[in-house]
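Visitor: need the 3D shape of this:
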Amino acid sequence: MYSSPHPHAALPGRLLIVGTGCVAEGFLPLLWRHIAVARERVALLGPDPQGQALAARHGISCHACALSAENHAAELARHLRAGDVLLNLALGAGSLDLLAWCLRHDVLYLDTNLEPWSGQAHSLAGARSRALAMRGQSTAVVSHGANPGLVTHLLKQALQQLVPDAANWPQAARRLGLQVLQISEVDSHRPAVQTSEAAAAGTRPPAEFANTWSALGLAGELCAPAELAWGAQEYALPAGAVLREGGRGGAVELAGAALATRVAGWSPGTGSFTGWLLAHHEAMSMADLLTEHASDVVAGQGVVVPLRPTVFYAVQPCPAAVQGASALVAPSPPAGCYYRILKEELMSGGTDLGVLLLGERVGHWYGSRLTLAQARKCAPDNNATTLQVAAGVLGALVWALENPRRGVVEAEDMDHRRVLAVAAPYLGELAAIDTPWRPPGKGPLRFERFLVGSQTGRDHNR
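Guide: Model prediction:
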């Protein structure tokens, strides 16, 4: 029987979780608390040996298999039927193919990121466009963890608090004079002693990249090109950047790897910080949410350019990941590096994750401030970063079970109040903080002011 003391929703069919890493590990304790489901109806699928041990701890089955472009259809057909749920938490499992299979077979689908198959590369903006063009009746929630996912609901909550009488999201952004929206994340988790396992064993340490969530996943993002949504006020693309149309606005792919793209950011725990700009789904989807059509502009204001903010994700990973980034070489994470997830050795710190709204009449951060101690008290097998992701997955799953016939959706299409009501107990302090911070330099609030050690290039949107 199921054990759900505070159920939000019931799952009458089967749940297949693809991926057996830290997000699956962090999510399972929340599943039993909040979803009414029999354990014999839940299964893990993945190639990693730790999957069997994780499944045994939770009394569920585990199928040892690495999904591929060639075998995924047959493998999914073995485990899923119409009305069941596929939760894709795996790195390197082709999201677009899994999504298409679920839509054809009336299976509910959720993932935390649009992933290509292992060894392949894709433009995130292009993958998003292809996902949103797919058709089907069963609900398929794409890219919904902490970010992308929860941060969109935090954005909506912030806008409602700041402009409670706005008729829609673009109007709220217009009223604030919003020019730049930064998804701001600072991970301050620290282990007791920052040494590699090899060094602790007295052997020669290899190149190591350690992180509080998938080390290989973050390494892949750092080695891939950075992408952001380009605002209406921008005019000079950084040198070598390519403008790709996606949604209502434009998606810009910067030259080189994100490793070389450092940006200025702000978060309440650190104040000003220097982080990396990584390609993230929410940059494109949030820009679309806030973009005005010409018809949105209020009549009688004269010539007004429809608003579209510049949106990008800026992250300062945990100190161990920052230190280990020197071992990474684009265009893909080196095979000779040792990738490690920090777990029990973490002793302090936490994660500040929120949205930073900057513009003519606004300087405001709203988000989750969660410490390691709070995360461990809330749910086993979690740190602050993984719990924020697990909370986002839980909120999306509850919403999908309550809205099972909505087709392909992303966070912007969902009820932010419902998702946050489910996730909030696992987010620590939801803080609303005004700030006078602006990036270095003078002049208009454009992307070039956020770039650290980079030059702008050719004109655009002039």
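Visitor: quick check: domain ranges of this protein?
Guide: 9-120, 150-380+424-459 (automatic domain parsing).
Visitor: strands of the stretch 351-462 of the chain, residue ranges please.
Guide: 362-371, 408-409, 429-434, 456-459 (DSSP state E, counting those that start in this stretch).
Visitor: so which of the ones you listed gets nearest A69?
Guide: strand 408-409 (20.2 Å; CB to CB). From N, CA and C alone the C-beta is placed, and that goes for glycine too.
Visitor: ok, back up a step: among the domains of the chain, where is the model least confident on average?
Guide: Mean pLDDT is lowest for domain 150-380+424-459 among the domains of the chain, at a mean of 90.
Visitor: quick one: V422 from T371, how far?
Guide: Distance, V422 to T371, by CB to CB, to the nearest Å: 21 Å.
Visitor: ok so, going back, same list (the domains of the chain) but as JSON lines, adding mean neighbour count and distance to V393.
Guide: Below are the domains of the chain laid out as JSON lines (neighbours: other CB atoms under 10 Å; distance: least, CB to CB, whole Å):
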{"stretch": "domain 9-120", "mean neighbour count": "19", "distance to V393": "5"}
{"stretch": "domain 150-380+424-459", "mean neighbour count": "19", "distance to V393": "9"}
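Visitor: out of the ones you listed, nearest to P404?
Guide: domain 9-120 (6.1 Å).
Visitor: which of the helices or strands spans the nearest residue to A411 once chain neighbours are set aside?
Guide: Nearest residue to A411 in three dimensions, chain neighbours excluded: T152, at 3.7 Å (CB to CB, 6 or more residues apart in numbering). Taking DSSP states H and E as the definition, T152 sits inside helix 150-162.
Visitor: got it, and S285?
Guide: Residue-wise, S285 maps onto helix 281-290 under DSSP H and E.
Visitor: restricting to C-alpha, output that helix in PDB.
Guide: Extracted in PDB, the C-alpha atoms of helix 281-290 (Å, rounded to 0.1, in the frame of the first residue of the first chain):
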ATOM      1  CA  HIS A 281      15.200  27.000 -21.000                       C
ATOM      2  CA  GLU A 282      13.600  29.600 -18.600                       C
ATOM      3  CA  ALA A 283      15.500  32.400 -20.300                       C
ATOM      4  CA  MET A 284      13.500  31.900 -23.500                       C
ATOM      5  CA  SER A 285      10.200  31.000 -21.900                       C
ATOM      6  CA  MET A 286      10.200  33.900 -19.400                       C
ATOM      7  CA  ALA A 287      11.100  36.300 -22.100                       C
ATOM      8  CA  ASP A 288       8.100  35.100 -24.100                       C
ATOM      9  CA  LEU A 289       5.900  35.400 -21.000                       C
ATOM     10  CA  LEU A 290       6.800  39.100 -20.600                       C
END
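Visitor: for that helix, name the packing helices and strands.
Guide: helix 124-132, helix 150-162, helix 169-176, strand 178-187, strand 227-230, strand 249-253, strand 310-316 (3 or more CB pairs under 8 Å, 6 or more residues apart in numbering; DSSP states H and E).
Visitor: circling back: dump the strands of the stretch 351-462 of the chain to a markdown table, plus distance to I183.
Guide: Formatted as a markdown table, the strands of the stretch 351-462 of the chain follow (distance: least, CB to CB, whole Å):
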| stretch | distance to I183 |
| --- | --- |
| strand 362-371 | 9 |
| strand 408-409 | 19 |
| strand 429-434 | 15 |
| strand 456-459 | 22 |
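Visitor: list the contacts of the residue lying closest to G177 once chain neighbours are set aside.
Guide: In space, and not counting its chain neighbours, G177 is closest to E360: 2.9 Å by CB to CB, 6+ apart. Residues in contact with E360 (CB atoms under 8 Å, 6 or more residues apart in numbering) are L176, G177, Q179.
Visitor: returning to what we had before: out of the domains of the chain, nearest to N403?
Guide: Nearest of these to N403, taken as CB to CB: domain 9-120 at 9.9 Å.
Visitor: one step back: among the domains of the chain, which is nearest W399?
Guide: Comparing the domains of the chain by CB to CB, domain 9-120 comes nearest, at 8.6 Å.
Visitor: for this structure, which segments count as helices?
Guide: Secondary structure of the chain by DSSP state H: the helices cover 22-34, 50-58, 72-79, 95-104, 124-132, 150-162, 169-176, 197-200, 215-223, 281-290, 319-324, 372-378, 384-402, 416-423.
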